[in-house]
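> Mind folding the following:
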Amino acid sequence: MGSAEVRRNEGYEPYILVSRGEDFADPIDAHFFAKTFPTLFPIGNGGPRLAEENSVDVAECGDVDLSVDAASAVGSLLSSRNMSLESWAKVVLQRHGGRFATHHVFAFLVFNMLARSRNCRVSMMSVKRQNFAEAEGIVRHLSAERLEAAKVELETSGKTSDGDVNKLLRSLSLYGFRQPMSREVRLSMRRKIKSLIIWHGVPAVWFTLSPNDITNPAKLKLASYRSREPEEAEAFLTSLDAGYKRVRLAISDPLSSALFFHREVSMFFRYYVRIGGGVYSDASTSISVSWRRTSVALSIFTA
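As a prediction, this is how the structure comes out:
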């Protein structure tokens, strides 16, 4: 959490001094989300690791010497109440009231944390041809103990004193899990499209669906009902006489935009394309590709 202080001195232009507290919220801490977003968690807990939060609270209250029964109860609580970050985020983002969905930072922070968590499970790396021989020699001589020591140093200070590990990190040009819209995903989709063209022939239909229609009536209803009761939401929708008001409502709830676009595309494939007997005759298969320009290109292959 940070704070901003405005100071005005005579003869000088006003400026803003940003200061932070001495204690930073550690992402490993069970109370990380409660400390980072106090307005979303007014009672101080409610994160994905609720059982660990409760056990920490009990220990801080002075009940450190737990009995065997209490320890077993805490153990069962840990196994039954904790949730994965992704499952917990889906629950709170769709909670009635929309406090989490309409927050300006929460959804993006959770997305970044999930992306970093997936990146920790390294599945692919790329080394330049001129560095391959050196990297191969370094990998052959690295031991588990050296890697563990380098891991501890990187976690604590962000640097390591092991020269071979530093050379290996510099030679790696790409590593991590396949993320949406990443280079690996684009290459994989390109290979799939080429395979379908070879098997089925040239696509019969090419067209694009754009999620930029943020003022769609269905999208506006999703956003208005998120934080209002039904009667209040209907009255609010009728008051949107100006275009900028509709746009402001649409962009105030990015989760509703994502839900609307997902439902639109899913229903298009389910009820219009309908592999085997849709409105596009007897389509044998279809494939969709998401582009960076917020659009989805759909290819329909007919038998």
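
> Apart from its neighbours in sequence, what residue is nearest Ala30?
Nearest residue to Ala30, sequence neighbours excluded (Cβ to Cβ, 6 or more residues apart in numbering): Glu52, at 4.0 Å. Quick note: C-beta positions are derived from backbone N, CA and C, even for glycine.

> can you confirm the one you found is in a strand?
No: Glu52: not assigned to a strand; according to DSSP: H, G, I helix; E, B strand; the rest coil it is helix.

> What is the neighbour count of it?
19 (other Cβ atoms under 10 Å).

> Quick check: buried residues in whatever helix or strand Lys35 lives in?
Using DSSP states H and E, Lys35 falls within helix 32-36. For helix 32-36, a neighbour-count test (16 or more other Cβ atoms under 10 Å) marks Phe32, Phe33, Ala34, Lys35, Thr36 as buried.

> picking that back up, didn't the residue nearest to Ala30 look like it was pressed against Asn82?
Yes: Glu52 lies in contact with Asn82 (Cβ atoms under 8 Å); the separation is 6.8 Å.

> Point out where the stretch 1-150 of the chain drops to low pLDDT.
Scanning the stretch 1-150 of the chain for pLDDT under 70 picks out 1-26, 56-81, 96-97, 120-124.

> In it, mark out all the helices, start to finish.
32-36, 50-60, 68-81, 85-93, 106-120, 129-141, 144-157 (DSSP state H, counting those that start in this stretch).

> domain parsing for this protein?
Domains of the chain are assigned by automatic domain parsing as 2-83, 125-175, 183-302.

> how near is Glu231 to Ser256?
19 Å (Cβ to Cβ, to the nearest Å).

> which of these two has more neighbours?
Ser256 (24 against 8).

> so the more buried one touches Ala101, yeah?
Yes: here Ser256 reaches Ala101: they are 7.2 Å apart, a contact under Cβ under 8 Å.

> Common neighbours of the two, please.
Arg226 (Cβ atoms under 8 Å, 6 or more residues apart in numbering).

> Who are the packing partners of the top helix by length along the chain?
Scanning the chain for the helix with the most residues, using DSSP state H, yields helix 183-200. For helix 183-200, the packing partners by 3 or more Cβ pairs under 8 Å, 6 or more residues apart in numbering; DSSP states H and E come out as strand 283-291, strand 295-302.

> hmm, try it at 7 Å
strand 283-291 (3 or more Cβ pairs under 7 Å, 6 or more residues apart in numbering; DSSP states H and E).

> pLDDT averaged over the strand it packs on - what is it?
With pLDDT averaged residue by residue, strand 283-291 scores 65.

> Would you mind measuring from Arg99 to Asn119?
29 Å.

> pretty sure Arg228 is touching Phe236, no?
Yes: proximity of Arg228 to Phe236 meets the contact threshold set by Cβ atoms under 7 Å, at 6.1 Å.

> Would you tell me what helix or strand Ala223 is located in?
Assigned by DSSP H and E, Ala223 falls in helix 217-226.

> immediately after that helix, which helix or strand?
Moving toward the C-terminus from helix 217-226, the first helix or strand encountered (DSSP H and E) is helix 230-238.

> May I have that next one as PDB, with CA atoms only?
This file holds the C-alpha atoms of helix 230-238, laid out as PDB (Å, rounded to 0.1, in the frame of the first residue of the first chain):
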ATOM      1  CA  PRO A 230     -33.200  -5.900 -10.600                       C
ATOM      2  CA  GLU A 231     -35.500  -2.800 -10.200                       C
ATOM      3  CA  GLU A 232     -32.600  -0.500  -9.800                       C
ATOM      4  CA  ALA A 233     -30.700  -2.000 -12.700                       C
ATOM      5  CA  GLU A 234     -33.700  -1.600 -15.100                       C
ATOM      6  CA  ALA A 235     -34.100   2.000 -14.000                       C
ATOM      7  CA  PHE A 236     -30.500   2.600 -14.600                       C
ATOM      8  CA  LEU A 237     -30.500   1.100 -18.100                       C
ATOM      9  CA  THR A 238     -33.400   3.400 -19.100                       C
END
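
> Sweet, I'm off.
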